[in-house]
Structures are given as C-alpha cells and as structure tokens.
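In: Pasting a predicted model and its sequence here:
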Amino acid sequence: QVHLAESGGGSVQAGGSLRLSCSAPGRTLSNLSMGWFRQAPGKDREFVVALAWPGNNAVYANPVKGRFAISRDNAKSAVYLQMNNLKPEDTAVYYCAADRRYYRASPDSTHYDYWGQGTQVTVAS
C-alpha cells in the first residue's frame, strides 16, 4: 500500500505560480509512474500530467502545456508539479496518483492504483 500526501496548494492571483509536492512517507516514489489530476467544483476529475517510470516520459493535458511541469526528485522521494502563469480556470483540488505499471504515463485515472487526499489551488482573477 502507498499512502500519498500532497502539499503546496494555496491561493494566488492570476499569472502567479505554485509548486505542488507529492510524497509517500516511508515509501519511495522513484520506481512508480506518477500522475496529477484535478477536480473543479461541479466537474469531473480531469487529467493534468503523467510521468512514466522508467524513462521519465511525460504527457501533459493541452490546457496546461507550456505552463505546468512535472518533475521527480528521487533523493527526496517526491514528485512535484510546478505551475506557472496560473489562470482562474486552474482552480481545483489537485490530486497526485501512482501507477504500478512500468513505462506508462497514462491520462486515464482508472490506471492509477494509489491516490492522495488532494490539495486546494485557488486562482483569483
């Protein structure tokens, strides 16, 4: 079992930046494919970005391409989501997720085995 924990959410003005972190106390994330999803009020959960292991191939959703970046720090056993040029439509609860399948950077939430509790990101216009 992998218990994921997100942090780094908050409130920012449009155009601002936030960096979300995802970790699993007592467990390495360095050998898992990871993903970030988000859910805005009244909407379905949607894919943001995924990072495969091994190989570190990343797949981004079109709305965040060029603004968001996923990265992994194996020494800290953490995965990050750097979010720049934030827009009000980025407001959502952001979730990290882990996929045990190798080489897969999947936009399909059903492919993920473990989920965090989420962290709120609010972008004011």
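Out: Noted; the coordinates are in hand. What you see is a predicted model; the values in this text were computed from it and never measured.

In: out of everything not next to it in sequence, what's closest to the residue most central in space within the chain?
Out: Central residue of the chain (CA atoms, centre = their mean): residue 36, 2.5 Å from the mean position. Excluding the flanking residues, the one nearest residue 36 by CB to CB, 6 or more residues apart in numbering is residue 48, at 4.3 Å. (Glycine included, C-beta is placed from N, CA and C.)

In: my guess is the residue nearest to the centre of the chain meets residue 83, correct?
Out: No. Look at residue 36 against residue 83 with CB atoms under 8 Å: they stay out of range, at 9.5 Å.

In: what touches both of these two?
Out: Contact criterion CB atoms under 8 Å, 6 or more residues apart in numbering; residues shared by residue 36 and residue 83: residue 20.

In: re the thing from before, what helix or strand does the residue nearest to the centre of the chain sit in?
Out: Using DSSP states H and E, residue 36 sits in strand 33-39.

In: List the beta-bridge partners for the residue nearest to the centre of the chain.
Out: residue 49, residue 96 (DSSP bridges).

In: let's number from 2 now, not from 1
Out: Okay, residue one is now 2; in that scheme the one you just asked about reads as residue 37.

In: and it, how far is that from residue 60?
Out: As judged by CB to CB, to the nearest Å, residue 37 and residue 60 stand 11 Å apart.

In: what does residue 46 give?
Out: For residue 46, the distance to residue 60 - CB to CB - is 16 Å.

In: now residue 43
Out: Distance from residue 43 to residue 60, by CB to CB: 26 Å.

In: Comparing those two, which residue is more hemmed in?
Out: residue 60 (17 against 5; other CB atoms under 10 Å).

In: Now the common contact residues for residue 37 and residue 60.
Out: Both residue 37 and residue 60 are in contact with 50-51, where contact means CB under 8 Å, 6+ apart.

In: All the strands of the chain, in order from the start?
Out: With DSSP state E, the ranges of strands along the chain come out as 6-8, 11-14, 19-24, 34-40, 47-52, 59-61, 69-74, 79-84, 93-100, 115-116, 120-125.
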